[in-house]
Structures are given as structure tokens and as C-alpha cells.
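Engineer: Here's my sequence, what's the structure:
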Amino acid sequence: MLSPLDLSLVNGPIPTAATVAAAVALTYLAIRKNRTWWTRVLPILVPACVVVVFGLTYIVDHVWKPWPEPLPVILTVWLGAALTAVALAAARLRSGRWYGRVLNVLLALGVVASSLVAANAHFGQYPNMRAVLDVFRNNRIDLDEAAPPPSNIVDVPAGKKLAEVWQKPANLPEKGTVSEAEIPGAMKARPAWIYLPPAYAATPRPKLPVIVLLAGQPGSPRDWFDGGRILDNLDAFAREHDGLAPIVVVADQLGSTTANPLCLDSKLGQSETYLARDVPAWIKQRLTVDERREAWTIAGFSQGATCSVQLAVRAPDVYGNFIALAPQREPSLGTRPETVKAVFGGDEAAFARVNPMEILARQRFPQTAGVIVAGRDDHVYRQADGEVFEACRKAGMDVLWKELPNGHDWNMAREGLFGSLPWLAARTGLSR
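Structural biologist: Numbers count the residues shown, from 1 in each chain. Below you'll find the predicted structure:
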């Protein structure tokens, strides 16, 4: 039987029930048998909440601008609902019995909780309660314990794939491990999160392919373990491949949650050097990996997907493959003029030299392969994804197009990444 912890928080009865409960709570909080309430309180309070929400939205979208795209309308609506519920409950605290005041507070908190459920359903960050509870669990182990130096290495003869010579040991663990580690380099980055598959614990140890994976912006490396469910999905892949799966290093290309150095070397930071030189060098020095470029993949979601395309054309000697999950057409802080001004002091030619779309137009990459995944309902980036795909194809890349029935959310990112693993396994030797 399905555990209650596995019930979907993204679609189905829970998001629907939360919406209905919020509507009922708001209705109750808005209705009172009091003439002053209807003539003075509501006419002032509700418009005031609307003004505050529109003001906050304007500040985020046009003043602060922590990310290129505007706030989704649904989030603005739910922010207004939550703020109105809290304001109504506060106004009702001035009168009534104590249990009535307690009920008003609980109803307001219920609307706030429903707003969080709706926001989560929009982005698909936590697919179920099990994913939510994982936030409070610490299943990480020290990297020195998870990845001691190997005593012996699996020999893969020339012309053979790892999957063709690999024999699963009888005592191989069922699950992989998760660790955190600082990766020093050209930029001050937050700790990377690292997944090592069950085969990494084997003796002799195989040299495994690598995925350097990037989250979106705003975001952090942990997002791929919460929203992306790396542990569950990679362990499932490993069970189907005798314990073999890629090593996944979720690196930090941002520096902080809302920063955006655009995966370039500029006055905003040295993100490109960090991802193209420092991270690969650390991985090769610290972990047992297949060092051929064909075994290395750069992948990411949203802003991280844009970075993946950038690194595929800016560091093709490092990354032979890429998986771009809903990339932007080009690195962006909003508009192209804003980006060029903020990053290159208005020097359009400097931006053109590092812009992947313009590099793809003048160079060919016949030795690079990739997958570009778009959400069919992604009204912001769906068209740009198609343009990036065509540019890659015309530049000679062996590139695949996937369109999923999702928006710009973690539902698309999860399915896009793990649906691409069979393709990647064939290229990197994890399948015959």
C-alpha cells in the first residue's frame, strides 16, 4: 500500500484540498455580523493588502531583480491570499471570545500553509512528504569515509565498455552515499554535494563517468537532492545496472542563493574558470573517475542549464556531453543591454566572444553530444530552448531534443535528467 508519506504534494487531492481549505478560511475570516466591519475595516484592509503585494512584486521584478524572469502570477496571488488572511485575523483579534481568536489565528496559518503547498506544487520542489522530511535528516557521510583511496582498479581493455567487464560483487551495498566537500578554486563557492554510486564501494573499484550538475538560480547544490531526488533516482538506476551509475558532483556555480555570475569570468566572479578547471581538477585528484572527456557531462536546470551549454562550447576539451534542462537563450541578468552593461561595462563585443549562441554560429563541435529538454508548458523558455537546440544541431553536435508535459519546474528537471540517463549510459560505458 502507498504510504501517506508518498502521496503527491504536486498534484492530486492534497493541493486541491489545500486550495479549498484556503478559500473556506478566507471566506470565514472576511465575514462578520458587524456594520463597521463591512463599511470601514474591509474597504481599507483588502485594498491595502493588494497595494502591498503589488508593491513587493514591483520591487522584486524591477528594483531588486534577483533573477531574470518576473515572479509567477500564481505566487503573487497566493502571497496576496496569505497576507490578507493574516491581516483579517489580526483585525478580528480585537473582539470576540478567546477560542474565537485562537480559531482566527489557526485559519490564517492554514491559509499561509496552503500558500506554501501551492508554491511547492508550482515549482515541484518537494514531490511528497518524504522529500520534505528529508530536509531535516542528515544522511551525509564524510567523504574520506565514503571515498578512501582504491586498493585495486577494474581493468577495462581498449575497445571495451565498463559494463562489458564489470561483475557485481556479492556484498555490494544497495544504496550510494551522499557527502559534502569544499572545492577550492577561482571563486568562493558553497560546498559541493557528491553522490557516489554503490559500485564505488567495490574492490576492485571501477573508474566511473562523472556528471557535474548545477542547480538553478536562486538555488544551491542541495536543491538537486531535495527537488531533484538524486539519491532515489540514481540508486534506482544503479539497481538496474549491477550497482553502476555516474558519480554526480553538484557544484556551486553561483556563490550564494541569489547571486548570478552567469558562469563567466567577469567582474561578477570567475565562475567559468571554477567549473572548467578547478572542479574537474579536484574531482580527478580526489575521486576514482574515468578521465576521458567522453565520460564527462556538464548538466543543469534553468540557469544551470544555460551554464551547461556555455561550458559545452567554452570547455569542450573537458566536457564531452551536456544535458541542458530548460536553458535560457543566452546568459542573462534580465535583458541583453542590462547584462552587457552589468557584466562587461557595455562592451557588446566582449559579451559576443563568450555568448554560446554566437560561438555556435561560428564554430563546429562534432565531438560533443547533448540533450536539451524543454517543458511544453514553459511559456518563458520553451521557445529559447528550441533555438538553442537548433544552434547546437547546426554546429555539428550530436544533440537530442526532448519535450516534457511540464512547466519550468522540478517535475520537468527530474524527469528530464533521469530520462536522459540511458542515453548517457550508452555513451559513457555504463550499458552494453
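Engineer: For the rest of this, base every contact and every neighbour count on C-alpha atoms.
Structural biologist: Fine.
Engineer: Pull out the buried positions in the strand or helix carrying A82.
Structural biologist: Using DSSP states H and E, A82 sits in helix 73-92. Within helix 73-92, the residues that count as buried by 16 or more other CA atoms under 10 Å are 75-76, 78-89, 91-92.
Engineer: Kindly indicate which of these lies nearest D134.
Structural biologist: Nearest to D134, judged by CA to CA, of the buried residues of helix 73-92 is L75 at 24.4 Å.
Engineer: Helices of the stretch 151-300 of the chain, start to end?
Structural biologist: 162-165, 223-226, 230-240, 271-273, 279-286 (DSSP state H, counting those that start in this stretch).
Engineer: Any idea how many residues pack against P316?
Structural biologist: Neighbour count of P316, defined by other CA atoms under 10 Å: 17.
Engineer: what does the model give the residue nearest to it when sequence neighbours are not counted for pLDDT?
Structural biologist: Closest residue in space to P316, ignoring its immediate chain neighbours: T368 at 7.1 Å, by CA to CA, 6 or more residues apart in numbering. Looking at T368, its pLDDT reads 98.
Engineer: can you tell me how far T368 sits from D134?
Structural biologist: T368 sits 36 Å away from D134, taking CA to CA, to the nearest Å as the criterion.
Engineer: do V380 as well
Structural biologist: To D134, V380 is 31 Å away according to CA to CA.
Engineer: give the contact list for the spatially closest residue to N355 that is not a sequence neighbour.
Structural biologist: Spatial nearest neighbour of N355, excluding adjacent residues (CA to CA, 6+ apart): E330 at 6.5 Å. Contacts of E330 were listed using CA atoms under 8 Å, 6 or more residues apart in numbering, and they are 306, 355-357.
Engineer: if I've got this straight, E330 is in a strand?
Structural biologist: No. Using DSSP: H, G, I helix; E, B strand; the rest coil, the secondary structure at E330 is coil, not a strand.
Engineer: Return the backbone torsion pair for it.
Structural biologist: phi -160, psi 160 (degrees, to the nearest 10).
Engineer: L325 touches A413, doesn't it?
Structural biologist: Yes. Assessed by CA atoms under 8 Å, L325 is found in contact with A413 at 6.0 Å.
Engineer: Look at the closest residue to G228 other than its chain neighbours and report its pLDDT.
Structural biologist: Spatial nearest neighbour of G228, excluding adjacent residues (CA to CA, 6+ apart): R414 at 5.2 Å. R414 carries a pLDDT value of 97.
Engineer: now R414: how far from V371?
Structural biologist: 14 Å.
Engineer: do you know how far the residue nearest to G228 is from V373?
Structural biologist: 11 Å.
Engineer: out of the two, which sits in the more crowded spot?
Structural biologist: A side-by-side neighbour count of R414 and V373, using other CA under 10 Å, places V373 first with 29 against 21.
Engineer: ok, now which ones touch that one?
Structural biologist: Residues in contact with V373 (CA under 8 Å, 6+ apart) are 323-326, 385, 401-404, 416.
Engineer: Need the max-distance pair from those residues.
Structural biologist: Across these, the longest distance by CA to CA is 14.3 Å; it joins I323 and L404.
Engineer: A strand includes G370, no?
Structural biologist: Yes. Under three-state DSSP, G370 falls within a strand.
Engineer: I figured it hits L400, correct?
Structural biologist: Yes. Between G370 and L400 there is a contact under CA under 8 Å: 6.3 Å.
Engineer: Count the residues that sit near A48.
Structural biologist: 14.
Engineer: whoops, I mixed them up, N120
Structural biologist: 20.
Engineer: That one and V10 touch, don't they?
Structural biologist: Yes. Contact status for N120 versus V10: in contact at 6.8 Å, counting by CA under 8 Å.
Engineer: which neighbours do these two share?
Structural biologist: Y126.
Engineer: Report the buried residues of the one helix or strand V340 maps to.
Structural biologist: Using DSSP H and E, V340 falls within helix 336-344. Under the neighbour-count criterion of 16+ other CA under 10 Å, helix 336-344 has 339-340, 343-344 buried.
Engineer: Give me the contacts around it.
Structural biologist: 266-268, 331-333, 346-348, 350-351.
Engineer: Kindly provide the whole-number mean pLDDT of that helix.
Structural biologist: 93.
Engineer: and after it, which helix or strand comes next?
Structural biologist: Following helix 336-344 in sequence order, the next helix or strand is helix 348-354 (DSSP H and E).
Engineer: on contacts alone, who are the packing partners of that next one?
Structural biologist: Applying 3 or more CA pairs under 8 Å, 6 or more residues apart in numbering; DSSP states H and E, we find helix 348-354 packed against helix 336-344, helix 356-362.
Engineer: Reformat the helices of the stretch 151-300 of the chain as a markdown table; add mean pLDDT, distance to H62 and mean neighbour count.
Structural biologist: Shown next, in a markdown table, are the helices of the stretch 151-300 of the chain (pLDDT from 0 to 100; distance: least, CA to CA, whole Å; neighbours: other CA atoms under 10 Å):
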| stretch | mean pLDDT | distance to H62 | mean neighbour count |
| --- | --- | --- | --- |
| helix 162-165 | 97 | 52 | 17 |
| helix 223-226 | 96 | 26 | 21 |
| helix 230-240 | 97 | 35 | 18 |
| helix 271-273 | 98 | 25 | 23 |
| helix 279-286 | 98 | 34 | 15 |
